[in-house]
Every structure is written in C-alpha cells, then in structure tokens.
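1. Just need the structure, nothing else, for what follows:
(chains A and B)
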Protein chains: 2
Amino acid sequence: MKIRDIIPVALGDQRARCIVRNARILNVFTGETEAADIAIFRKRIAGIGDYGAADEIIDAAGLIALPGFIDAHIHIESSMLVPRQFAKAVLLRGTTTVVADPHEIANVAGTEGVDYIVRSTDGIPLNVYIGIPSAVPATQLETSGASLGTDEMIEFVDRNLKRVIALGEVMNYPAVLGRDRELLTKIEILRHRYRKIDGHAPGLSGKRLNAYLCAFIRSDHECTTPQEALEKVRRGMHVFIREGSAARDLDNLIGAVTPLNHHRFSFCTDDRDPLAILTEGHIDCLVRRAIRAGVDPLTAIRMATINTASYFNLRSMGAIAPGYKADMVFVSDLEKLDIRMVVKDGRVVVNEGGLVEEVSGTYADVPEQLGRFKLPALSVESLAVPAREGRLRVIGLTQGSLLTREMLLEPKVSGGFAIADADRDIAKVLVADRHHGTGFSVGFVHGLGLKSGAVATSVGHDAHNLCAAGMDDGDMIAAAKHVASHNGGMVVVRGGRVIASLPLPLAGLMSNRDLFEVTEALRAINAALRELGTDRDIFMPLSFVQLAVIPTVRITDRGIVDVERQQFTSLWE
Amino acid sequence: MKIRDIIPVALGDQRARCIVRNARILNVFTGETEAADIAIFRKRIAGIGDYGAADEIIDAAGLIALPGFIDAHIHIESSMLVPRQFAKAVLLRGTTTVVADPHEIANVAGTEGVDYIVRSTDGIPLNVYIGIPSAVPATQLETSGASLGTDEMIEFVDRNLKRVIALGEVMNYPAVLGRDRELLTKIEILRHRYRKIDGHAPGLSGKRLNAYLCAFIRSDHECTTPQEALEKVRRGMHVFIREGSAARDLDNLIGAVTPLNHHRFSFCTDDRDPLAILTEGHIDCLVRRAIRAGVDPLTAIRMATINTASYFNLRSMGAIAPGYKADMVFVSDLEKLDIRMVVKDGRVVVNEGGLVEEVSGTYADVPEQLGRFKLPALSVESLAVPAREGRLRVIGLTQGSLLTREMLLEPKVSGGFAIADADRDIAKVLVADRHHGTGFSVGFVHGLGLKSGAVATSVGHDAHNLCAAGMDDGDMIAAAKHVASHNGGMVVVRGGRVIASLPLPLAGLMSNRDLFEVTEALRAINAALRELGTDRDIFMPLSFVQLAVIPTVRITDRGIVDVERQQFTSLWE
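-> Purely as a prediction, here's the structure:
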C-alpha cells in the first residue's frame, strides 16, 4: 500500500472500499470504548470517525470491535498443520498475528526448513513474523537433523529475510551462563540486526537470571510460578504467559499481573495442537481464562494485542487505529469473548463461527514430503533392558507442565529383563535417531496412563527423533516402523495392528492435508488411545520427553539426560 | 562490551568494577522500590542483588536510584552548545539519553551538518540517538541553506549511520495531507529502514489526524490542549509532552495523563536554552512539575524513562536492570526530585550539584566555523515600510506557546512610513536570507516588550535566516551586521552600540565555547535586554517567528506567511 493512496480515503475525500458500521470499538490505548465507523482501505484502517458510503458495509450492530489477537511465541509446526491450514485454525479464534520460531523444522531440515516456513507464510491470511532459531541443535546431547551454526547466522543476516524480527528463544540457558563460545557468538552476530532476542529460562533466578539478561535476552515464556514471573518482570523481561497443550501456565501466573505491571506481560501458546485450538481456543482462550481469573477485560485484551505489538516493535499492529492493519475480532460480550466475526486484511474471514468460503477453500500448494527419514535397525530385541541391582531412573511426566521429575523406582522384572508395568503406569520408551540412523536409547516413563499397546511419533522436541512408548515391545517396534514408512507421523498400535494414524510427511512434523482432515485424524487417534486405556492426550507430553533444556530428566536418542548438569546419566540409580 | 565478559560479573564469580551500595532502587517495570546492590561492569549494569567486593564502591545511603532521564525529542542546536557542552548541561539535570533531530543544522548545512552532529556526539557522556531530518527545508516559503531531498534520504539509508533510529519530525503536515510527492517519497524510502517516524501536527484532529497517521507517523509533540493529546493517543500516537523554553505545554497537557493511558506519554523539551537547563532543569523539570500537578512520582518517572525507551525500541535503556546501561540518577526524595548524584556509563559524573572534574574538564575539539554567512545588502533604507490605507497584519507572539496570532492593527505612521510603536509593544522585524543573500522581508511583531534599541539573531526556525527586531531601524541594521561579522550569533544593540552578544560561529547556531562561558554570555544578554526595557527571554520566541509550519502567521525572508494556507499574505489587511 502506498501512503498517497490511503490519504484521500482517510480524509473522507474518496470512498472507502469497506466500512464497518455500528460497532463499539475498544480502544486499547486509552481503555475507552467508542461508537464510530471504521473505514478500510485495502489491508489497513484508513480512519475512525464518521465516514460515508463504501463499496461494502459490514454491519457490526451489537458487537464490540477488538484488535486481532497476537500470539507472542509459537512453533507453527506443533500444530502439525502447514501454515495456511494453521492460519484457518487460529483465524477461527481471532488470532491474526503470530511470532513464530521455526525451531522444530530447523532441527530437522536446517535452513531449508526455515526457508519453507518463510515461503509458505507469504500471502496467507495471517501475519507471521519469524524469529531465527537460535539453538539448533538445542544441546549436544541428542542427534538432530541439521544444525544452524555461526555461518548460517551470518547467512541469515546477509539474506535479510522479510518478516524476520527476532532471534528465537535462546533455550540452552546453561550454555549462556557457561559462556558457550558458539552460542554467544550467534547472539553477538544477531543482536544488532534483530533487536529482540527471545528467551527460555525455566526457573532461572537471582544472579543466574541477571547473567542471562546480560546476554540481551529480554523475554521469557517459561515461568511456572507468579514469583518467577514477577522476578523476571522486575529484572526487565517481558513475560509471555503461556498456555499450550502440554504446558499450562496461565492459572499459575495470572496472579502476578497487576495494574502497575501488566504492560510487561503478553500471551503465547508455544505449542498447541489443532484440536485444542478448535475446541478450547487459541489466544482467545487465554484472554477468556484471564478474565475468569479476575483480570479486567481491558488488561487481558491488552496482553493479547498492544502489549505484544509494542514489545516486538510492530508499528501498525495490536490496535484499531488509522494506518493500523485492518485485523479485528468482533464479540458481543467482552467477558464471554464470544467471537462472532473476524476481519483480516480488511476482509471478513470468519462469520458466525465458520470460515467464509474464500478462506476455507484455500488449499496450500505444499510439497508431498520434506526431509527424509532414516531409522537405525530396530527389532524387539533392541528394546530389551537386562535387569540389574538397584532402582530404575524413571522419567516422571507432570500433568499440565513441561517439567519432568526424576522417579527412582523398583523395576518390574520378567525373565531377567526390566519391563513396562501398567499397574504402576510405567511405560517403556524408545528414542531413535531418525535423521542419520546412528542409534537409539531405551528408558522408562511414568504418567502416560497406557494399559496396553504402543504409540509412536516423529514429533519430539527438539531434534524430533522418533519416539515410541508403550506396554508391548512388539507394538512399539510396529509403531516405529509405521511412522518411518510415512516419512513421519503419529500412530497408535495394538496387537501388532495400526488402529489410528496421522502421517506427517513434511519433515516428520506436519501433515499436507486440510485442517479439518487433520483434526478428524486426531479425534480418531484419541479414540484409539482410549482403547489403549488412557484418556489423556499423551502425544503432546511425549513430544517433550526428549527436550533436554527443560528440567529435570529426559531421554534422547543418545541416552538419559540430567538437564541441570547437561550430562548423560544412567538408566539405573 | 562482549557478552562473555559481563556474565562472570553478573554471576558474582568475578569482581565488579564498581558497586552502588545502600540505594533504594525504583523499579519502573513494577513500581516497587527495592534495596539491593547494583553491580556495574564497564558501561552496563551487570546485576541487581547481593554483590560482594568491587574496585570502587559508590555509597548511596539515603538515596533513591532512578534510571537516567530520556528526552524524547530535542534539537541540540537550540541549546547553542556543541554536543559535548550540551551533555554537561543536561547531565547536571539527570538526563543521560536524548533523541535528537539535527534539523536546525541540516537547514543550514545539509548532510554536512547532520554528519557533524553524528560525529560530535560520538564518545561523549550522553547517549544521543538521531532522527534524520525529514523536512529540510520545512516549506517552500523560505530560503534555507540546504535541502535534504529523496536522493539524500537514499544516501542516509545507504550509509547506515550509527545511532540513527527514526525519521525526524514530519513538520509539514499540510504537505502530508496534500500528498506532496517528494515528502511522501521520503517517508516511503525511510519507513522500512527506520521503524519510527516522528510527527509534528499542531491542532490536527478528526479525519485530518487519521490521514496523518496513515503516513506511518506515530508520535507528536505539538499538542497544546488535553483534548488534543487524548485524541492523538486514542488514534495510536505516542504523545511527547513538551516543555521547552518558548513552548510550555506541560501544565495544559498533564491532565490528559491517566493510569490507563500513561504508557502512551513521554516527556521532551524540543528547544531549551542552556540557562533554563541550568536553572529550571531539563527533563527533571518536567517530572517535578508533573508531580506538582498531581501525577504520582512513578508515573512521572516512567514518562521520563521507560515509556520513551519502549517507544523508541531502545532495548537497554530507561530502567535499572541487568544488561541495561548503567545510567542512573540519585535523589533523596521522589517528590522533590533533588538530584544528588548522576552516574553515566557506570561513572559518577555529577556529585552534589556539580560536574566531576573529569567531565567538566572535557573540551570538545570543534571547528572554528561551520557554514558561511552571506547577507543581502542591507541599510536603514531597506527597512522602510511606506504607509498605506488599512490595517497592518502584525504577528502576535503568545507567551509560553509557539502559536502566533494574526493581529490587524492601525499602523503608527511617521513621515509617510509605518514604524515601530513601543507604546503598543509593536516592533519592526526583518528576516534576511543569510545563506545566499537573495533577499529579505520586513514586518511587525507584537509581544517582545522592547522599549528601545534592537536585537538580532541567526537562530530562526527552520531556515535560520537572520532575524532582527527592534524599535530603531539603525540599531536593527547594526545588530544584523554584527551577527553577520561573527558568522552568526545573538546580539543586543542600543544607540548603534553592541551592549551584549554571543557569537555562534558554528552554522550560526552554536557556540564553540564552554557551557559556562555561554551561560555567562546569555546572562549578559538578558541584562542588556532589560536595558532595552523587556524582562522576557525574547530570543527564543523570536527564533520561532519564521516557523511557517506552526499556526498562524509568520515572517520568512520571502514575506509574511499564512501557515494554514501555506501561502504568502500581505503585510497589509
């Protein structure tokens, strides 16, 4: 859009393409609501006021207009959708802008993966800003498909990719504190170019937090207590309150938000599966829950809009104002936040709960496959764990949190081997290098709730190696091989038979199918999981079992990891 | 500073160079105050907390530590000091960062002038960020010394000058609304490179304000009523409340600031003379007066610190926090805001009201002269205004405001000529092209309070042509010639004799002398003005009498200007 074209429309000298009539507009700058026309020119708001005729009139009688919501930190890949399909899902929930860190695909496919995200987010009905993944691989304790080193960082700067606004979350906080030369060099290279360096520092406090901030890292989305969030805000961080599918921090953190500090808080989802987006919501879900927790609607909506735009220095986002993007959400009640209409780029994209045809009909041209899958040789024998003296080091999953705990438990032994134990909710878990086929490791995990069978997935933060877990070794191997045969995916197996699956041929992370086909497949997977005895969404927690940058104990393709010490530890006490 | 060097200090593993002990720290993020050590490494704060020994201990017992103040918009040239001397003046008042628009020197000396400001602000004890002047010349209604066109804008982008963060105030708002091709092209060229485009839109409202915002201009420092400030905030502008030497808006605007909207307000001085800085203060003066007007100290201090840093996306400014610049002000009382100590770049620069020797002794290496002065031929006869039928169009100055009013008055006539009239406070005024000597114009001005004699100055926004004003034509010519003979300056003349003067040989705008020599000269000038019968600081208002972008009526070297219509008008009704 050229400035000279919008000015006559703003002045009222030239007819607007579209005018929104009769809405009450929530002004996030002042907290007022105001009754006025919203005149739209192309993808922007030309003016607020009394505007005359237009080619199109959107009647918003009885509705309150809010700025489109912004997700401060998300990995689009975690939706298992390609960006255009992801856009459909979040538009339904009023999100019109996301800051995406293509960290997952970068771990699989390197710069080629980042380029795919940049390319495939161009021209879709969602503003996608991008943080360059800073930690690929996240640690040296796993085998990733690719790495982004200092040379690649220099290349990113050189190429000057559009919509790149940040250095993505610096996950390996022990490496920052340990002054890891390569990581600090990456930050030094990018900090002048991208003014925002996003953080990831679960539990960091005191002098260690001071040191982390000295690396110019000024945001965090890993807080789990209000004390932690307050300390981080106090020390100069912008805190993104996260409510993902696995990591649910909002209820714990919302008490930290006060009228005096709320400008230092935003909302993000980080990782959210598409079923949760369609049923529970996306950023709207966080707004609604914040309001329910006692935050006033204006404050909650600011955390979902202008606060995030301000943090990321997005000049024309996060508010309904002249010159700003014409991205708006219309609700009939601020507290209920019932989304009745969504306008993106000045066009109605969602109306009465459904996508308008123009958007729903759009289908991305996506490659059939991205990246390649290469497993090591695996058989039932591979999974055998000879019993030893002492207790097993079991990875204890935590409901609603990414944190795990170390559990030291007596093994269930059969025929001289430690085996899974449904009675105590202990499943066997396999992680295998799926990028180069170099090897695998086996351990035990508590908290999946499986009674029989097995599951496998190629989504496994951050290296996205293949992970299988279950009660039956044969089913685990069958599940692993099924996933490999589709170049990635999620699968549920019982009695050697695949009972539900979702192929993810794009880097083993994303489906090339339509949003609603994917959610259908996920519903089938959930039904299949119930057949295996669990009513939890175990794929999301399982996808974090490899993540060696969040405490306490993890498993990668190379072994059991003690996160705090950033070292391998033994399966046995 | 390299990140790897500060981390051990932050962690407490390595001795800090300096520690501030016993201060209470005002946390602008949360509103709390906190008792803790502030550990300093080189120019940055390494940590807040309990730090041990250090090479230097600053004892701040009984004091409250605040972030150094930020001036959101200033023309350093208006201080008549070179940047290093200006720094000394504002450091005494707790200002450690300014966003400067070298608009004045650019109008005289073009890119050479901008380069001088960039060069001469490097390495001084003040953070100087720069906005590229967008409007040189401000209008086509005066003769400037240089112009910055689209070619020069492209050059600025190409050269990637450091510390440039904005496009400076877009003053010619009628040209924006009129879609002036060259001005809009400048904005289009720079808006992608510099994310901030500063505004200047006195009185703009409604659809015209909408249109101005559509040019990506998102700040303003020209509000004069609370209604105007609120409308601008409502429409997405960040409003800088200005309290300069001539333009005093704080008392009028401060009522617009509320707990819900205060994050959209900052403080600036725009143009402030060095005597006012030393006696009344700089940004500290605005904070103090805001508090006196009923704003709570935290809010007032936020407007002077973090709000401005956030608006300009200055990642490590505006707060006392790890990794942030070690720029701090120490007061003993938040309400009185009595500045007891100032720390800049981790060093004490001001202690008990005085500059420490290290700073006061620093003398800038400045050129003896910058730009050249070329007046048209001028004599007493040049000033003759033959009397005509009808009333004179007199420029009415407004105390405490840059706005002028049109006064239609009967002329005082003598010998067939309209002349100055001390009884009615009407002085004659001359503006002459001092860049190329092409011509001059003569008019009348009300509100200087002169009884006799004349003054002249080479400071005259924005083209900085020579302006003389007075009761006596001979004195006016003598004053003008004196200024020319020094390549610029300010002078007071009575009875043909210079009774006080301050040469400004650097572009006719700045002295190459020390801060205290300049203020001494200004005191002498004020004393001389009293001899001429006025107790006002008339040089500052006079320097705006040419400014054809602020309503209502002005005089340039080319004639009397009707600002709203952007046209010349007649001296006679």
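
2. surely residue A:466 meets residue A:456?
-> Yes. With contacts defined as CB atoms under 8 Å, residue A:466 counts as touching residue A:456 at a distance of 6.5 Å. C-beta coordinates here come from the backbone N, C-alpha and C atoms, glycine included.

3. shared neighbours, the two?
-> Here residue A:466 and residue A:456 share the contacting residues A:480, A:483, scored by CB atoms under 8 Å, 6 or more residues apart in numbering or on different chains.

4. Return the residues of the stretch 301-450 of chain A in contact with chain B.
-> Residues of the stretch 301-450 of chain A found near chain B (CB under 8 Å from any CB of the partner chain) are A:310, A:313, A:315, A:316, A:319, A:321, A:322, A:323, A:324.

5. Doesn't the first one lie inside a strand?
-> So that's residue A:310. No. Looking at residue A:310 with DSSP: H, G, I helix; E, B strand; the rest coil, it is helix, so not inside a strand.

6. Pull the number of nearby residues for it.
-> 23 (other CB atoms under 10 Å in any protein chain shown).

7. Just the residues of the stretch 301-450 of chain A next to chain B: which are in helices?
-> The members of these that map onto helices under DSSP state H are residue A:310.

8. Would you mark the buried spots in the helix or strand of chain A with the lowest mean pLDDT?
-> Ranking every helix and strand in chain A by mean pLDDT, DSSP states H and E puts helix A:357-360 at the bottom, with a mean of 80. Using 16 or more other CB atoms under 10 Å in any protein chain shown as the test for burial, helix A:357-360 gives A:359, A:360.

9. Name the next helix or strand downstream of it, please.
-> Once the chain leaves helix A:357-360, the next helix or strand it forms, by DSSP states H and E, is strand A:392-397.

10. Now do that following strand: which elements does it pack against?
-> With contacts taken as 3 or more CB pairs under 8 Å, 6 or more residues apart in numbering or on different chains; DSSP states H and E, strand A:392-397 sits against strand A:404-409, strand A:440-446, strand A:553-556.

11. Next, residue A:65: phi, psi?
-> Backbone torsions of residue A:65, given as degrees, to the nearest 10, read phi -90, psi 130.

12. so it makes contact with residue A:23?
-> Yes. Counting by CB under 8 Å, residue A:65 touches residue A:23, with 4.2 Å between them.

13. any shared contact partners between these two?
-> Taking CB under 8 Å, 6+ apart as the criterion, residue A:65 and residue A:23 both touch A:38, A:330.

14. give me the residue from the stretch 351-500 of chain A nearest chain B.
-> residue A:462 (22.6 Å; CB to the nearest CB).

15. what's the neighbour count on that residue?
-> Residue A:462: 27 surrounding residues under other CB under 10 Å.

16. With residue A:382 instead?
-> 16.

17. you'd agree it is up against residue A:440?
-> Yes. Counting by CB under 8 Å, residue A:382 touches residue A:440, with 6.7 Å between them.

18. residues bridging contact with those two, i.e. touching both?
-> Residues touching both residue A:382 and residue A:440 by CB under 8 Å, 6+ apart: residue A:430.

19. Name the residues that touch the least confident helix or strand of chain A?
-> A:88, A:91, A:125, A:347, A:349, A:350, A:354.

20. For the last one, list the residues it contacts.
-> If a contact means CB under 8 Å, 6+ apart, then residue A:354 has A:92, A:360 as its contacts.

21. Next, give phi and psi for it.
-> Here is the backbone geometry of residue A:354 (degrees, to the nearest 10): phi -120, psi 150.

22. Please name the bridge partners of it.
-> residue A:351 (DSSP bridges).

23. which SS class is the closest residue to residue A:379 other than its chain neighbours?
-> Nearest residue to residue A:379, sequence neighbours excluded (CB to CB, 6 or more residues apart in numbering or on different chains): residue A:477, at 6.3 Å. At residue A:477 the chain is in helix, as set by three-state DSSP.

24. Hmm, residue A:377 and residue A:477 touching each other?
-> No. Residue A:477 lies out of contact with residue A:377 (CB under 8 Å); the separation is 10.8 Å.

25. got the end-to-end distance for stretch A:48-62?
-> Using CA to CA, to the nearest Å, the end-to-end distance of stretch A:48-62 comes out at 18 Å.

26. try stretch A:358-377
-> Distance across stretch A:358-377, first residue to last, is 47 Å (CA to CA).

27. any idea how far residue A:252 lies from residue A:265?
-> 13 Å (CB to CB, to the nearest Å).

28. Near residue A:380, how many residues? Count them for me, please.
-> Counted with other CB under 10 Å, residues neighbouring residue A:380 total 13.

29. dump the residue contacts of it.
-> The contact partners of residue A:380, taken as CB under 8 Å, 6+ apart, are A:473, A:474, A:477.

30. Kindly report the same for residue A:339.
-> Contacts of residue A:339 by CB under 8 Å, 6+ apart are A:92, A:93, A:94, A:284, A:329, A:330, A:331, A:350, A:353.

31. quick check, nearest of those to chain B?
-> Among the contacts of residue A:339, residue A:329 lies closest to chain B (CB to the nearest CB), at 17.6 Å.

32. Look up how far residue A:262 lies from the closest residue to the closest one other than its chain neighbours.
-> The shortest distance from residue A:329 to any non-neighbouring residue, by CB to CB, 6+ apart, is to residue A:94 (3.8 Å). Computed as CB to CB, the residue A:94 to residue A:262 distance reads 20 Å.

33. Who has more neighbours out of those two?
-> Applying other CB under 10 Å to residue A:94 and residue A:262 shows that residue A:94 carries more neighbours, namely 27 against 20.

34. what about the stretch 101-250 of chain A, any weak spots by pLDDT?
-> By pLDDT under 70, the stretch 101-250 of chain A contains no weakly predicted segment.

35. interface residues of it facing chain B?
-> Counting by CB under 8 Å from any CB, the stretch 101-250 of chain A sits next to chain B at A:176-177, A:179, A:181, A:184, A:187-188, A:195-196, A:206-211, A:213-216, A:218, A:230, A:233-236.

36. Which strand or helix spans residue A:86?
-> Following DSSP H and E, one finds residue A:86 within helix A:83-91.

37. Now the element after that helix, going C-ward?
-> strand A:95-100.

38. mean confidence score for that next one?
-> Averaging pLDDT along strand A:95-100 gives 98.

39. quick one: buried residues of stretch A:279-290?
-> In stretch A:279-290, counting by 16+ other CB under 10 Å, buried: A:280, A:281, A:282, A:283, A:284, A:285, A:286, A:287, A:288, A:289, A:290.

40. part of a helix, is the fifth one?
-> Spelled out, it's residue A:284. Yes. Residue A:284 sits within a helix when classified using three-state DSSP.

41. I'd assumed residue A:92 was in contact with it.
-> No. Counting by CB under 8 Å, residue A:92 is not a contact partner of residue A:284; they are 9.4 Å apart.

42. Helix, strand, or coil at residue A:18?
-> strand.

43. wait, residue A:77
-> Per three-state DSSP, the local secondary structure of residue A:77 is helix.

44. Look up the closest residue to it, ignoring the ones flanking it.
-> With CB to CB, 6+ apart, the residue lying closest to residue A:77 is residue A:104, at 3.8 Å.

45. who touches the one you found in this structure?
-> The neighbours of residue A:104, taking CB under 8 Å, 6+ apart as the test, are A:75, A:77, A:78, A:459, A:461, A:462, A:464, A:507, A:509.

46. Make CSV out of the residues you listed and add pLDDT and distance to residue B:539.
-> Formatted as CSV, the contacts of residue A:104 follow (pLDDT from 0 to 100; distance: CB to CB, whole Å):
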residue, pLDDT, distance to residue B:539
A:75, 96, 60
A:77, 96, 64
A:78, 94, 64
A:459, 97, 71
A:461, 93, 66
A:462, 91, 65
A:464, 97, 70
A:507, 96, 69
A:509, 97, 68
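
47. Thanks again, I'm all set now.
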